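K.L.:
Let me see the structure of the following:
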Amino acid sequence: MQTCDFRNSYFFFEVDHDRAPTVTAKQPIKHNQVRIPLECLCEVTAPDGTVTQFMLCASCKTERVAVERDIFNLPNADFCVVASDRDFMIVKRWQQCDMSVERESSEMAVHIDRQVGNASDAWTSYRTDRSMVEGRPLESDAEIVKAMHANTAIVSRTEFDLEDGHRVLLEYPVKTLNVSDRAGNYQIDTGPVLYPDLSIDHESFIGNLRLAYVAHHQPDWAEFIVNVPTRIDGGALVHHFSDRVRVDAKNTMIALD
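P.N.:
Model (predicted):
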């Protein structure tokens, strides 16, 4: 079966302020081209049959490009991009949720946790380069254990339904994998991936996606730990993986031989 080789799959975007302004960060330089590895693909099929492919990029830190010093912004945030062919969401996680942070300069990006909009407004140009290769489905726990000990790269797919009728298919590289060749079992614990949270009720589906980690050791269910605003002692809200969700699912493990 054809599957994504995440070891060589990337999202590219370009910002060129000589061609057009963008709604995202204005760097000290006018032109910037960026390559970010992919962490997860998320295919969503709507009740009417419409299919949309979202992708999650690897995280980096909020920064200024090509400055002489003080590259990293303070206060600093984890930064990641979620995108489809049409929409984008930039997720920023500071040490607290909804922080009131003044811009150090006009070049800094908007200080909001989740910025959603049209991708054509965010970047001058953009594309997703998925490296598709032939994968081999692992048909048993024993095959998974064998692939693990052979240091074979593994991709997993998790497919499940949402309450509103949407169908979700996640595809992601297996990073952490537990096995026992004595007991003959396995368990993945990997991420980040995307998880739709319909309680957000955003008008654009991309705005309902949250970061999560996923675990499974059976073919028919999976558990997610979802990053949500979490209240800590003292009353502050922080970004933390604290919402545990179990779903009936179809899990597939795929070896990239």
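
K.L.:
Quick one: residues in contact with the top helix by length along the chain.
P.N.:
For the chain, the longest helix by residue count, based on DSSP state H, is helix 141-149. Under the criterion Cβ atoms under 8 Å, 6 or more residues apart in numbering, residues Leu138, Ile154, Leu177, Val179, Ser180, Asp181, Gly184, Asn185, Tyr186, Met253, Ala255 lie in contact with helix 141-149. For every residue, glycine as well, the C-beta is placed using N, CA and C.

K.L.:
For it, buried residues please.
P.N.:
Asp141, Ile144, Val145, Ala147, Met148 (16 or more other Cβ atoms under 10 Å).

K.L.:
just to revisit the earlier point, from the contacts of helix 141-149, keep the buried residues only.
P.N.:
Burial by neighbour count, judged by 16+ other Cβ under 10 Å, picks out Leu138, Ile154, Leu177, Val179, Tyr186, Met253, Ala255 from these.

K.L.:
that older thread, pull the longest helix of the chain out as CSV, backbone CA atoms only.
P.N.:
What follows is helix 141-149, C-alpha atoms only, in CSV (Å, rounded to 0.1, in the frame of the first residue of the first chain):
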residue,chain,number,x,y,z
ASP,A,141,1.7,-8.4,16.8
ALA,A,142,4.6,-10.8,16.0
GLU,A,143,5.3,-9.0,12.7
ILE,A,144,5.3,-5.7,14.6
VAL,A,145,7.8,-7.0,17.2
LYS,A,146,10.0,-8.4,14.4
ALA,A,147,10.0,-5.0,12.5
MET,A,148,10.9,-3.2,15.7
HIS,A,149,13.9,-5.3,16.4
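
K.L.:
and the contacts of helix 141-149, which of them are in strands?
P.N.:
Within the contacts of helix 141-149, residues falling in strands by DSSP state E are Ile154, Leu177, Val179, Ser180, Asn185, Tyr186, Met253, Ala255.

K.L.:
quick revisit: how about the buried residues of helix 141-149 in CSV, adding pLDDT?
P.N.:
Output for the buried residues of helix 141-149, formatted as CSV (pLDDT from 0 to 100):
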residue, pLDDT
Asp141, 98
Ile144, 98
Val145, 98
Ala147, 98
Met148, 98
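
K.L.:
Go through the residues you listed and say which is closest to Gly49.
P.N.:
Closest to Gly49 out of these is Ile144 (33.1 Å), distances taken as Cβ to Cβ.

K.L.:
Distance-wise, check that closest one relative to Asp121.
P.N.:
Using Cβ to Cβ, to the nearest Å, Ile144 is found at 43 Å from Asp121.

K.L.:
what two of the ones in strands among the contacts of helix 141-149 have the greatest distance between them?
P.N.:
Maximum pairwise distance among the ones in strands among the contacts of helix 141-149 (Cβ to Cβ): 18.7 Å, between Ser180 and Ala255.

K.L.:
Identify the bridge partners of the residue nearest the centre of the chain.
P.N.:
Per Cα atoms, centre = their mean, the C-alpha nearest to the average position across the chain is that of Leu56, at 3.0 Å. Judged by DSSP bridges, the bridge partners of Leu56 are Cys40, Val82.
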